[in-house]
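Colleague: Structure of the sequence below:
(3 chains)
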Amino acid sequence: MSKRRLSLQGATGQIGTILVTLLGLLILTFIIGRMMPADPVRAIVGEDATRETYEQVFRSLGLDRPLWEQFFYYLGDVLTGDFGTSIRTGQPVIQDILHVMPATIELATFAILIGAGLGVPMGVIAAVNKDRWPDHVVRVLSLFGHSMPIFWTGMIALIVLYAKLDLVGGSGRMDQFYIGLVPETTGFLLIDSLLAGEMDVFWSAVNHLILPASLLGYSSSAYITRMTRSFMLDQLGQEYITTARVKGLSKHQTIWRHAFVNIRVQLVTIVALAYGSLLEGAVLIETVFAWPGFGQYLTSNLIIGDMNAVMTCVLIVGVIFIALNLLSDVLYRLFDPRTR
Amino acid sequence: MSVTTASRLRMPASLNALRNIIVFLMKSPTSLFGLCVLALLILVAIFAPLIATHDPYAQDLANTLQAPGNTHLFGTDELGRDIFSRLVWGSRITLTIIFLVSIVVGPIGLAVGAASGYLGGRFDTVMMRITDIFLSFPSLILSLAFVAALGPSLNNAIIAIALTSWPPIARLARAEAMTFRNADYIAAARLQGASPLRIIVKSIVPMCLPSVLIRLTLNMATVILTAAGLGFLGLGAQPPLPEWGAMIATGRRYMLDSWWLVTFPGVAILCVSLAFNLLGDGLRDALDPKQMNRR
Amino acid sequence: MTSPILDVKNLHIRYGGASADAVRGVSFTLGRERLGIVGESGSGKSTVGRALLRLLPSAKITAETMRFEDIELLSLTEKQMLGIRGRRMSMILQDPKFSLNPIRKVGDQVAETYLRHFKCSRKEAGEKAIAMLEAVKIRDPERVCEQYPHEISGGMGQRVMIAMMLLADPDVVIADEPTSALDVTVRLQVLNILDSLVRDRGIGLIMISHDLNLVRNFCDRVLIMYAGRVVETLAARDLDKAQHPYTRGLLAAQPRIGGARAPLAVLDRRPEWLEEVSR
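Modeller: As a prediction, the model looks like this:
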């Protein structure tokens, strides 16, 4: 009983922490937005507006108020779901972002499948063969993935696999030819093309997705591999592994039925965090592959200095990260019998 | 400097540990490779004027986009500048970034971490909430946002990277400080009437220093990739500076016909970040692996 | 003791990277009896136990012979060894807190031994497990089967361990300090359960322990190990008549209720014992 109360206290404490972190996040994005050199008024009224118009817009945006007051306006706006209007497109920023998000989610999901599919077995192999050659090979492979500047690897891969060998699709989500052929229902091209029954578009999309997703996945597999290895080593050193061996289980059975089963929960949390980190790689890889997703939206708006868009993008990344952290915590509590 | 001497006087044991670590690193071929690459980087940066075959900024519009050959080892770029020489001079920029980020991040992280670990209480809570906020971003995204706010330039990129990379250091120093906080010799210092500031500076900071230095090394690979990424997006070093990431960005337009424009700078970035990673990995092995996996 | 189940002659074990052998020239036989191996920590007694099951992947094991019935254990392949472990020879480990898999249900873990060695359905194995848990005097075994190791007590955990290791009806059981992690109050209970099972089934038991009294009460014969060697072998009831000064030292270093209040003797360790040949 007291245990339950304790975990409940922990939960409320955690919610408090999250709220404070969210508030801090908003302060941070607000500061970044206010520091941006682009003049939001000028962006709205244009270069040759009169002084009066400028002043009027300046006041209507609340820019004449003290900073803390401006922050409360911002806070109120965000809480009511108003993230401002994009200067470039003239549409609500949040609408723009929702529009580009599916492309990034599609890319990141495939990437994490590849990253986990690569990283988890590699980590297990490395741990089982600790300090022998497979361990060293895995270590070099994963450090390599962790060390490569992904935007550069993307270009080299494009040069070799697309331009020279023509094995995969080039930039964009599909061949130019197919653009506009499939109605946008979900925004996820793979799903949309299947819904529309356009198999050609589907395969073109797969062909375009495979390279950037593999590169992103490979780079994220480094972290997954390292953590898997370290978790596995922890488990393999435990006494219950000896018990399993004494029972007559083979090495293989011991590894997969006992040690691996015991790290599943930890792995899920790690993969969830790695999924969030993919956003970082996505910013760069989307630029290289002209992938019309969140990363490209963020960088293009950074360069033209669209304040509302940038603030919202940063806020969203932070919220995604906090949510993933929370999710991995919750998963841990749900699936580990010792914490139930 | 005074901090290092202080720590040397205070704990020969840790110095001994440092020697053990270096011996350990030399034994592993991968860490040795990392050490060699970094030594090479430093040498190239120091002797850049002697090693470079051309002026890195000298345009030669008659010889643009030359393939690698005898006169130009790694070819020339779209303005006829020698890529090899630009790479060599670019190593100075890379080292500058590493150096500046380290001397900003190290002390800030150490100070914040040691103080909040030792003092605890409200100061600790506030500081840790702040690091939480910073840690809820991938470092590149936050750096991007800061650069956007400050305006794109090499210096601002360095500031942005430094701003985003102190929290993990602070976390580490705090964890270390908390383990030393209740040690008897700290209590003795307190009984003798030493002020908290004095205890932190004289007793806590030197104890946190070794692990902080290691953590800094581990972070350098990320710092280099972030700097290159910023350069690539046009938010870091500006042309005509021979920063490697920016070189890749300009070479991108010509990459299908002139592969050497993007290949060589990329290899350079890869080598340096790999070197730091290998070195960091070796350090992690030399020390407790669990401790270093912690944020 | 006509035909010994286990016959070990001149066993040497060296851990990978070590400069000296951890076990040096150990010889003994085991019939359908209870053999105690006693020694201080580091004497190599646990190493011998694990070597018998070939559970030391990084160690080099050599012996003139290490025979289990008519099987030469050292010449078996790892695959053949899997048929021996758990089925014909098994081992009870020290602390159930660590030796049971923390995130699998108790019943599954016990049944796994049976499933591994006999062709049968999961249900059948589950029933066997429940019957065995009953045999180790666990009340309400169906409920315990559904519990996780952290939900049961140490004494119960060790009984689960015994059930797990006896389920496939082995010929030899090695008990590596089976009670040293338990509360004093449940030690005797667990030992009695183990003892009666071993007697009823005619199992050869090797009891590894540092506790002389325990070994004296539960074993037929005792090996005294020191620094990787057997210094003395004697019947448990003759323990008080031990010849070797080390054994005498061990006995003298034991407190006794009602004994003299004088300080206990300090254990004497002479270098010449390191090289002595066992008798």
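
Colleague: On the three-state scheme, the residue of the stretch 101-250 of chain B found nearest chain C is what?
Modeller: In the stretch 101-250 of chain B, the residue that lies nearest chain C is B:T179 (25.3 Å; Cβ to the nearest Cβ). (Glycine included, C-beta is placed from N, CA and C.) Using DSSP: H, G, I helix; E, B strand; the rest coil, the structure places B:T179 in helix.

Colleague: The helix or strand containing B:T164 packs against which elements?
Modeller: Per DSSP states H and E: B:T164 is located in helix B:154-181. On a contact count with 3 or more Cβ pairs under 8 Å, 6 or more residues apart in numbering or on different chains; DSSP states H and E, helix B:154-181 meets helix B:83-119, helix B:121-135, helix B:139-150, helix B:205-232.

Colleague: Figure out how far it is from the centre of its chain.
Modeller: How far helix B:154-181 lies from its chain's middle: 12 Å, per Cα atoms, centre = their mean, to the nearest Å.

Colleague: Residues contacting the next helix or strand after it, please?
Modeller: Next along the chain after helix B:154-181, taking DSSP H and E as the criterion, comes helix B:184-191. Residues outside helix B:184-191 that contact it (Cβ atoms under 8 Å, 6 or more residues apart in numbering or on different chains) are B:F180, B:R198, B:I199, B:K202, B:S203, B:I204.

Colleague: and the next element down the chain from helix B:184-191?
Modeller: helix B:196-199.

Colleague: Okay, buried residues for stretch A:87-99 please.
Modeller: For stretch A:87-99, a neighbour-count test (16 or more other Cβ atoms under 10 Å in any protein chain shown) marks A:I87, A:R88, A:P92, A:V93, A:I94, A:D96, A:I97, A:H99 as buried.

Colleague: Then stretch A:42-57?
Modeller: Buried residues in stretch A:42-57, counted by 16+ other Cβ under 10 Å: A:A43, A:I44, A:V45, A:Y54, A:V57.

Colleague: Where does chain C get nearest to chain A, which residue?
Modeller: Using Cβ to the nearest Cβ, the single residue of chain C nearest to chain A is C:G86, 3.2 Å away.

Colleague: Just the pLDDT for the residue lying closest to that residue once chain neighbours are set aside.
Modeller: Distance criterion Cβ to Cβ, 6 or more residues apart in numbering or on different chains; nearest residue to C:G86, sequence neighbours excluded, is A:G248 at 3.2 Å. The model reports A:G248 with a pLDDT of 89.

Colleague: Check the gap between A:G248 and C:T113 for me.
Modeller: Note on A:G248: its distance to C:T113, by Cβ to Cβ, to the nearest Å, is 7 Å.

Colleague: Same check on B:L100?
Modeller: According to Cβ to Cβ, B:L100 stands 62 Å off from C:T113.

Colleague: Kindly report the same for C:E40.
Modeller: Taking Cβ to Cβ, one finds C:E40 at 32 Å from C:T113.

Colleague: ok, the two, which is more surrounded?
Modeller: Applying other Cβ atoms under 10 Å in any protein chain shown to C:E40 and C:T113 shows that C:T113 carries more neighbours, namely 30 against 15.

Colleague: In a helix, the more buried one, correct?
Modeller: Yes - counting by three-state DSSP, C:T113 is found in a helix.

Colleague: Was I right to think it contacts C:M165?
Modeller: Yes - counting by Cβ atoms under 8 Å, C:M165 is a contact partner of C:T113 at 7.3 Å.

Colleague: what touches both of these two?
Modeller: A:K247, C:G86, C:S90.
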